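# only geometry, no sequence info:
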């Protein structure tokens, strides 16, 4: 079932106006599509200067690392896409793989993907994972929770809390970030729409969880009663829809609002602030074009009833994970959004004021394919370098 809701244009368009961009944007090459932004600084915000940084390997010998979660008391859990979960100590020592990880579909873009823990990990030892899973009719995004044994070697009591439906024949576009909703027992899980021309249409279908943000109870996967589709047509775990491939998500530390970032096609990577029940447009509208150069969907970038991104990139940065920076090493970054850039080969820093992007910087340009970003206790950045011989690099302020 495809549902068109009588919604206004994006809250971003209706938000208070900001000044037009002053200064040149980050150097990034020619755009793929010829669209005018819907409002000032929706794209190519002025380039910002930042402090000089250095980077060096922190942990090595990881194969396509995908997700990282800081452990209270020190150290990290890190996923490797082939299906391994490892603990990395506070000094960068990589431990042996943890047993008991769910079986994953590691073809192409699939595998073991995100990992997350709550602040109470020291008491509960509870871990959350997302991954690609093979079911009877194809491949899907799934999520599970488990308890890490006291000695850190085994996952116990593994329980699935989400399995995307239906299965796809295409092992691509799994989305797959998982973040906790503050003040509740719920988690947000992002999904992709499996890329193909046939599958991508399901991002608009509320009877599937393709191209959606879903919101479920963190322990049993049930739908919270205040989800927008509860008591309505469609799957009751859906929070927002019309997304392409959501690979970044973070909770704003002051407002508790969910922010997400998703891959566009050729152009059209999007930063969004998903509102429950809203339609984010894919594959009907986009600020990108298909890889062939043909128009996406309607060929439009704006349509009534479909939300506008807070910010978009053309050409793409190919976004990975993201965080809101709160550390002390870079006080000028506090409150900024730091995004892993695969194609950008950097950490993409955005400064925001009143919900609008006012500046952009590419930090540690050329560092490699940054799949995820984590803040170290001293405010340095730990970034996952997604490569066959990948690892974790530490970015710190130059002395």
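Thanks, I have the structure now. The model shown is predicted, which means the values in this text are computed figures rather than measured ones.

# what does stretch 213-222 contact?
By C-beta atoms under 8 Å, 6 or more residues apart in numbering, the list of residues contacting stretch 213-222 from outside reads 128, 143, 145, 159-162, 180-181, 185-191, 223-224, 227, 237-241, 243, 246, 249, 258, 260, 274, 276. From N, CA and C alone the C-beta is placed, and that goes for glycine too.

# swap in 6 Å and give it another go.
With contact meaning C-beta atoms under 6 Å, 6 or more residues apart in numbering, stretch 213-222 is reached by 161-162, 185-190, 227, 237-240, 274.

# which PyMOL command selects the buried ones in these?
In PyMOL, a selection of the buried entries from these looks like this (16 or more other C-beta atoms under 10 Å):
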select buried, resi 161+162+186+187+188+189+190+227+237+238+239+240+274
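
# just send the contacts of stretch 213-222 back as JSON lines, with pLDDT, secondary structure and distance to residue 391 too.
Formatted as JSON lines, these follow (pLDDT from 0 to 100; DSSP: H, G, I helix; E, B strand; the rest coil; distance: C-beta to C-beta, whole Å):
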{"residue": "161", "pLDDT": "98", "secondary structure": "strand", "distance to residue 391": "30"}
{"residue": "162", "pLDDT": "98", "secondary structure": "strand", "distance to residue 391": "29"}
{"residue": "185", "pLDDT": "98", "secondary structure": "coil", "distance to residue 391": "34"}
{"residue": "186", "pLDDT": "98", "secondary structure": "strand", "distance to residue 391": "33"}
{"residue": "187", "pLDDT": "98", "secondary structure": "strand", "distance to residue 391": "28"}
{"residue": "188", "pLDDT": "99", "secondary structure": "strand", "distance to residue 391": "28"}
{"residue": "189", "pLDDT": "99", "secondary structure": "strand", "distance to residue 391": "27"}
{"residue": "190", "pLDDT": "98", "secondary structure": "strand", "distance to residue 391": "25"}
{"residue": "227", "pLDDT": "98", "secondary structure": "coil", "distance to residue 391": "39"}
{"residue": "237", "pLDDT": "98", "secondary structure": "coil", "distance to residue 391": "35"}
{"residue": "238", "pLDDT": "98", "secondary structure": "strand", "distance to residue 391": "36"}
{"residue": "239", "pLDDT": "98", "secondary structure": "strand", "distance to residue 391": "34"}
{"residue": "240", "pLDDT": "98", "secondary structure": "strand", "distance to residue 391": "34"}
{"residue": "274", "pLDDT": "98", "secondary structure": "coil", "distance to residue 391": "32"}
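
# tell me the one among the contacts of stretch 213-222 nearest to residue 299.
residue 240 (23.3 Å; C-beta to C-beta).

# now do the contacts for residue 286.
268, 296.

# quick check, pLDDT for it.
Residue 286 is assigned a predicted lDDT (pLDDT) of 98.

# likewise for residue 23?
87.

# go ahead and confirm residue 63 touches residue 81.
No. Counting by C-beta atoms under 6 Å, residue 63 stays clear of residue 81, with 7.1 Å between them.

# which one of these two has more residues nearby?
residue 81 (24 against 16; other C-beta atoms under 10 Å).

# and the closest residue to that one other than its chain neighbours, how many neighbours?
The spatial neighbour of residue 81 that comes closest, neighbours along the chain excluded (C-beta to C-beta, 6 or more residues apart in numbering), is residue 111 at 3.4 Å. Neighbour count of residue 111, defined by other C-beta under 10 Å: 23.

# my read: residue 111 touches residue 79, true?
No. In this structure, residue 111 is not within contact of residue 79 by C-beta under 6 Å, at 8.1 Å.

# quick one: the helices in the stretch 151-300 of the chain?
Here the stretch 151-300 of the chain has its helices, by DSSP state H, counting those that start in this stretch, at 197-200.

# how about the contacts made by residue 268?
Counting by C-beta under 6 Å, 6+ apart, residue 268 touches 286, 287, 288, 312.

# and it, how close does it get to residue 199?
In this view, residue 268 and residue 199 are 18 Å apart by C-beta to C-beta, to the nearest Å.
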